[in-house]
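**Student:** Kindly return the folded structure for what I paste below:
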Amino acid sequence: MTNVVSHAFSRVRPLIGFIPTDRCGKHEVKKRVDLLLSFIDLSNKVVLDLGCGDGRYEDELIHYDCKLYCLDVDKEAVRRAKKNCPHIVLAACEFLPFVDRPFDLILVNDVLEHVGDDKLVMTELYRCVKENGHIEISVPNRLFPFEVHGIPSRTDVPVPLINYLPDIVRNRLVPHSRAYSAKSISQLLKNVHMKIVCWQYIFPE
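**Tutor:** Numbers count the residues shown, from 1 in each chain. All right, here's what the predicted structure looks like:
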């Protein structure tokens with residue numbers, strides 16, 4: 001059985017939402033890593049950072065005794081992340097270039113909402129994590145009143161109330177990013193042998 005740790009993020013108490021990685025500074029990343037360390041020991045673990053971006057999590061993770069692998073679909077991100085993660089590959093999350101079950105822990109921070117097929121990604125995560133391993137997932141929360149990814153014409157401007165619209169409307173307005181509820185995350189896990197062992201809402205300071 002694979003264990004899943006899931007996070008959702010908010011900007012303002014007590015609302016629940018999400019802050020994307022590219023808007024997270026070092027303090028925010030450290031806060032997430034500290035939460036992870038509160039129930040997972042990284043010592044001698046083999047860890048994959050899926051969708052590593054420019055390597056902000058690696059800035060924290062290199063301080064722990066784990067073997068770190070990274071993956072991103074963006075060539076420039078891979079180039080930048082090589083500084084802290086020499087074991088990095090350029091690939092899509094839907095088709096992971098790894099043998100079965102090499103990783104003790106897979107980090108999926110602010111990635112799942114952007115992939116083409118999140119169900120296929122979950123299948124690949126299950127294939128690549130060890131028995132009784134952990135997968136840590138952070139995603140946008142559907143209850144947050146702002147869509148921080150914006151709309152296609154203005155991706156830099158958060159848009160209010162879009163996440164409260166019906167799926168068919170919301171997904172047309174924001175085709176480039178999903179938002180998740182506890183129910184939709186649970187549905188993703190239904191076809192793979194995973195269980196949620198911790199569900200957290202993180203409120204940035």
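**Student:** Can you give me the buried ones in the strand ranked longest in the chain?
**Tutor:** For the chain, the longest strand by residue count, based on DSSP state E, is strand 129-139. Residues of strand 129-139 classed as buried by neighbour count (16 or more other Cβ atoms under 10 Å): Val129, Lys130, Gly133, His134, Ile135, Glu136, Ile137, Ser138, Val139. (Each C-beta comes from the backbone N, C-alpha and C, glycine too.)
**Student:** Also stretch 84-91?
**Tutor:** Buried-residue list, stretch 84-91, by 16+ other Cβ under 10 Å: Asn84, Cys85, Ile88.
**Student:** which residues touch the second one?
**Tutor:** The reference is to Cys85. Under the criterion of Cβ atoms under 8 Å, 6 or more residues apart in numbering, the neighbours of Cys85 are Asp49, Cys52, Gly55, Glu58, Leu68, Tyr69, Cys70.
**Student:** Torsion angles phi and psi at the residue positioned nearest the centre of the chain?
**Tutor:** The chain has Asn109 as the residue nearest its centroid, 2.2 Å off, counting by Cα atoms, centre = their mean. Reported as degrees, to the nearest 10, the phi and psi values for Asn109 are phi -100, psi 110.
**Student:** tell me the pLDDT at the nearest residue to it once chain neighbours are set aside?
**Tutor:** Leaving aside its sequence neighbours, Asn109 sits nearest to Ser138 (Cβ to Cβ, 6 or more residues apart in numbering; 4.7 Å). With respect to pLDDT, Ser138 has a value of 89.
**Student:** And Ser10, what's its pLDDT?
**Tutor:** Ser10 carries a pLDDT score of 31 in this model.
**Student:** do the same with the one 3 residues further on
**Tutor:** If you check Arg13, the pLDDT there is 24.
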